[in-house]
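**Student:** Show me the folded form of this:
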Amino acid sequence: MRHNPRNPQWANRDRFVLSAGHASMLLYSMLHLTGYDLPLDELKRFRQWDSKCPGHPEYGLTAGVETTTGPLGQGVANSVGMAIAQRWLAARFNRPDNELFNYRVYAICGDGCLMEGVSHEAASLAGHLELSNLLWIYDNNHITIEGNTALAFSDDVAARFMAYHWNVQRVGDANDLTLLDEAIKNALQETTRPSLIIVDSHIAWGAPHKHDTSAAHGEPLGEEEIRLTKARYGWPVDAQFLVPEEVRQHMGQARERGDKAEAAWNQKFAAYKQKYPELAAEWEQISRRELPKGWDADVPKFPADAKGVAGRDASAKVLNAIAKRVPWLIGGSADLSPSTKTALANEASFEAGSYIGRNFHFGIREHAMGAVLNGMALSGIRAFGSGFLIFSDYMRAPIRLSALMDLPTIYIFTHDSIGVGEDGPTHQPIEQVMSLRAIPRLVLLRPADANEVVECWRLIMEAKDEPLALILSRQALPTVDRAKFGGAEGVRKGAYALADCKGEPEIIFMGTGSEVQLCVGAYEKLSAEGVRCRVVSMPSWELFEKQPEDYKNQLFPPSVRRRIAVEAGTTLGWKEYTGLDGKVIARRDFGASAPIKELLSHFGFTVEHVVEEAKLMLRK
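**Tutor:** Predicted structure coming up:
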């Protein structure tokens with residue numbers, strides 16, 4: 001592999017992903033031996049508090065770890081995103097006289113990875129896109145936690161991957177280094193297919209009592225079994241963490257090779273910068289997660305409009321305005337771009353043989369889409385993926401991992417409530433918004449009108465180390481008259497006073513997205529009757545929780561205990577803001593199939609119902 005232990009972030013390094021993350025010590029030992037910043041003392045503290053060698057590899061914690069792995073299948077799916085990113089970067093920046101990006105992506109996976117559905121989705125996509133820069137090595141040892149894989153797994157893996165249009169090879173003995181080397185060389189010569197090398201191996205090879213047993217998969221061998229295994233290898237039985245000097249010298253050559261490879265690349269980049277200064281500057285911005293000057297110059301402002309515009313339609317206009325000035329903002333949908341409105345106008349599709357396109361077609365593969373987006377984000381691309389909010393359940397694992405890795409992955413979810421209407425309860429999200437709010441470090445944004453959508457996109461583009469989920473309506477939302485109500489820039493604080501009164505309010509209405517208009521309607525009716533009201537738009541709980549206590553108490557005075565929250569989702573969580581004396585107008589059950597107006601009326605999402613609940617509260 002081409003890599004530099006002295007600079008783990010060198011741009012043109014080959015990527016290695018240990019998808020079978022439970023075998024993390026394999027990766028840690030290689031990183032230590034090849035000279036990464038991972039002292040032997042860290043390996044001795046494996047899985048202990050504050051060690052750089054946690055139980056599963058964690059991106060950002062350990063030098064040389066390219067992605068957080070552990071949940072099986074996620075790593076190989078990430079590797080597809082990395083391979084896609086390489087292809088896009090090469091198409092964007094490489095020139096006939098100067099090839100900047102030609103790195104490869106390697107991954108080791110196990111039986112568990114290939115059982116998980118996400119690996120099937122990702123492999124299918126990789127084969128379709130002809131990602132010949134991708135190589136998976138399958139550790140085929142036939143053992144999982146419960147025992148032999150014959151208990152539940154009898155796939156013909158080779159036939160399956162050949163059907164996915166992969167170059168498949170088999171090495172019948174993991175210790176046959178000559179044959180393994182030939183298989184890898186063959187994979188490197190492949191030009192139209194990703195490669196899979198199936199390597200038949202034995203878990204706990206040489207351990208006299210645990211060879212080929214599930215006991216070796218989920219627990220340590222034990223002190224005595226280790227001694228016996230060392231004896232069988234001809235290794236000093238009492239030695240611990242022994243690294244013979246000849247091994248250290250041999251493995252340490254990686255630093256010298258890495259220094260030379262990076263120095264040669266730096267010379268190429270210096271020449272590239274002289275000849276192609278604009279492209280070079282663009283790459284430097286990508287590598288630093290910076291935005292070009294004037295990136296938001298074309299972002300629209302939406303005039304007040306009682307009929308308004310759907311959240312997804314407003315987002316489409318903003319997304320396209322930004323994409324014109326940020327070429328590395330790329331993405332697509334899980335076969336839903338006509339509905340999610342995420343197609344980039346006048347841009348080609350990213351497809352086999354034409355990798356310059358910016359519109360991605362992930363197919364109906366939400367789980368793989370999320371994991372692939374993370375691989376792209378790990379490569380510096382501002383990647384977005386979209387789908388219906390209800391299907392965020394299919395991609396919860398990669399969303400969680402993007403948060404764990406502090407990646408600025410962009411998730412766009414439309415059709416955000418029972419406002420989906422006739423599609424019925426299978427497609428009407430109820431608990432999904434709250435479920436996403438429960439993920440630490442994920443910023444969820446549910447804008448109430450088109451100008452809040454604009455501000456949400458500003459936050460999305462400025463983010464460097466956190467994923468964001470933009471939740472958008474299918475139905476039209478009235479565009480608030482900002483000359484009369486609070487400015488949309490309040491979105492930056494997560495919650496702000498959209499409508500207010502003089503003095504302390506008697507009652508506070510709060511909501512997100514399409515339900516904010518119900519709060520405004522109730523405010524106008526009650527204000528006309530002399531009731532002092534405040535409407536708080538709360539597009540992001542996460543951003544609001546980061547605000548100073550003074551701001552929180554100013555927005556929600558502790559003395560004002562009459563509070564009503566309105567959201568067309570689950571009631572769960574809202575008591576945090578309404579208090580025990582407050583009222584939550586939301587759903588405690590699933591939706592139903594009916595026209596949107598009938599549904600909203602039946603379930604109480606009307607101005608009249610909000611006013612009725614407010615008057616009951618005011619009389620108490």
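**Student:** Next one: Asp298 from Ala499, what distance?
**Tutor:** Relative to Ala499, Asp298 is positioned 30 Å away (criterion: CB to CB, to the nearest Å). The way it works is simple: take the backbone N, C-alpha and C, and place the C-beta from them, glycine included.
**Student:** out of the two, which sits in the more crowded spot?
**Tutor:** The neighbour comparison of Asp298 against Ala499 (other CB atoms under 10 Å) goes to Ala499, with 22 against 14.
**Student:** give me every residue that touches that one.
**Tutor:** Phe485, Gly486, Cys519, Val520, Tyr523, Cys533, Arg534, Val535 (CB atoms under 8 Å, 6 or more residues apart in numbering).
**Student:** 6 Å instead, please
**Tutor:** Contacts here follow CB atoms under 6 Å, 6 or more residues apart in numbering; on that basis Ala499 touches Phe485, Val520, Tyr523, Val535.
**Student:** Between its first and last residues, how far does stretch 4-20 reach?
**Tutor:** Across its full length, stretch 4-20 reaches 23 Å end to end, with CA to CA, to the nearest Å as the criterion.
**Student:** wait, stretch 333-346
**Tutor:** Looking at stretch 333-346, the gap from its leading to its trailing residue is 17 Å under the measure CA to CA.
**Student:** Now do Gly311 against His415, distance only.
**Tutor:** Gly311 is 10 Å from His415, where distance means CB to CB.
**Student:** Between these two, tell me which one has more neighbours.
**Tutor:** The neighbour comparison of Gly311 against His415 (other CB under 10 Å) goes to Gly311, with 30 against 26.
**Student:** Backbone dihedrals for the more buried one, please?
**Tutor:** With angles defined as degrees, to the nearest 10, Gly311 shows backbone torsions of phi -60, psi -40.
**Student:** Could you measure from the closest residue to it other than its chain neighbours over to Met376?
**Tutor:** Once its chain neighbours are removed from consideration, Gly311 has its nearest residue in Leu472; the separation is 3.5 Å (CB to CB, 6 or more residues apart in numbering). Distance of Leu472 to Met376, computed by CB to CB: 21 Å.
**Student:** Ok, Trp295 next?
**Tutor:** Trp295 sits at a distance of 19 Å from Met376 (criterion: CB to CB).
**Student:** what about those two, which has more around it?
**Tutor:** Met376 (28 against 20).
**Student:** Would you agree the more buried one is in contact with Ala383?
**Tutor:** Yes: at 3.8 Å, Met376 and Ala383 qualify as touching, with contact defined as CB atoms under 6 Å.
**Student:** so where do the helices sit in the stretch 401-550 of the chain?
**Tutor:** Listed in chain order, the helices of the stretch 401-550 of the chain (DSSP state H, counting those that start in this stretch) span 432-437, 450-462, 516-528, 541-545, 549-555.
**Student:** In JSON lines, list the ones you listed along with mean neighbour count and mean pLDDT.
**Tutor:** Compiled in JSON lines, these are given as follows (neighbours: other CB atoms under 10 Å; pLDDT from 0 to 100):
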{"stretch": "helix 432-437", "mean neighbour count": "22", "mean pLDDT": "98"}
{"stretch": "helix 450-462", "mean neighbour count": "23", "mean pLDDT": "98"}
{"stretch": "helix 516-528", "mean neighbour count": "21", "mean pLDDT": "98"}
{"stretch": "helix 541-545", "mean neighbour count": "17", "mean pLDDT": "98"}
{"stretch": "helix 549-555", "mean neighbour count": "13", "mean pLDDT": "98"}
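**Student:** Pull out the buried positions in the lengthiest helix in the chain.
**Tutor:** Once the chain is assigned using DSSP state H, the helix that runs over the most residues is helix 245-275. Applying a neighbour-count criterion of 16 or more other CB atoms under 10 Å, the buried positions in helix 245-275 are Met251, Ala254, Arg255, Gly258, Ala261, Glu262, Trp265, Phe269, Tyr272, Lys273.
**Student:** swap in stretch 16-34?
**Tutor:** 16-24, 27-34.
**Student:** Next: stretch 586-597.
**Tutor:** Ala586, Arg587, Gly591, Ala594, Ile596.
**Student:** Just the endpoints, please. Distance across it?
**Tutor:** Length of stretch 586-597, first residue to last, CA to CA: 16 Å.
**Student:** just the strands in the stretch 351-500 of the chain please.
**Tutor:** Listed in chain order, the strands found in the stretch 351-500 of the chain under DSSP state E, counting those that start in this stretch are 359-361, 382-388, 410-414, 443-445, 468-471, 476-479, 496-499.
**Student:** want to throw these into TSV with mean pLDDT and distance to Gln428?
**Tutor:** Formatted as TSV, these follow (pLDDT from 0 to 100; distance: least, CB to CB, whole Å):
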stretch	mean pLDDT	distance to Gln428
strand 359-361	98	26
strand 382-388	98	10
strand 410-414	98	13
strand 443-445	98	18
strand 468-471	98	14
strand 476-479	98	18
strand 496-499	98	26
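**Student:** how about the helices of the stretch 101-250 of the chain, start to end?
**Tutor:** Remark: helices assigned in the stretch 101-250 of the chain by DSSP H, counting those that start in this stretch are 111-115, 117-128, 157-163, 177-189, 215-218, 223-233, 245-275.
**Student:** Would you single out the least confident of the ones you listed?
**Tutor:** Averaged per stretch, pLDDT over the helices of the stretch 101-250 of the chain is lowest on helix 215-218, reaching a mean of 87.
**Student:** List of residues touching that one?
**Tutor:** Contact partners of helix 215-218, identified using CB under 6 Å, 6+ apart, comprise Ile143, Ile145, Ile203, Ala204, Lys210.
**Student:** beta partners for the first one?
**Tutor:** Beta bridges link Ile143 to Asn148 when assigned by DSSP bridges.
**Student:** quick one: contacts for it?
**Tutor:** Taking CB under 6 Å, 6+ apart as the definition of contact, the neighbours of Ile143 are Ile203, Ser214, His217.
**Student:** Would you mark the buried spots in stretch 436-451?
**Tutor:** Of the residues in stretch 436-451, 436-437, 439, 442-451 count as buried by neighbour count, 16+ other CB under 10 Å.
**Student:** circling back: among the strands of the stretch 351-500 of the chain, which is nearest Arg289?
**Tutor:** Distances from Arg289 to each of the strands of the stretch 351-500 of the chain were compared by CB to CB, and the smallest falls on strand 382-388, at 8.4 Å.
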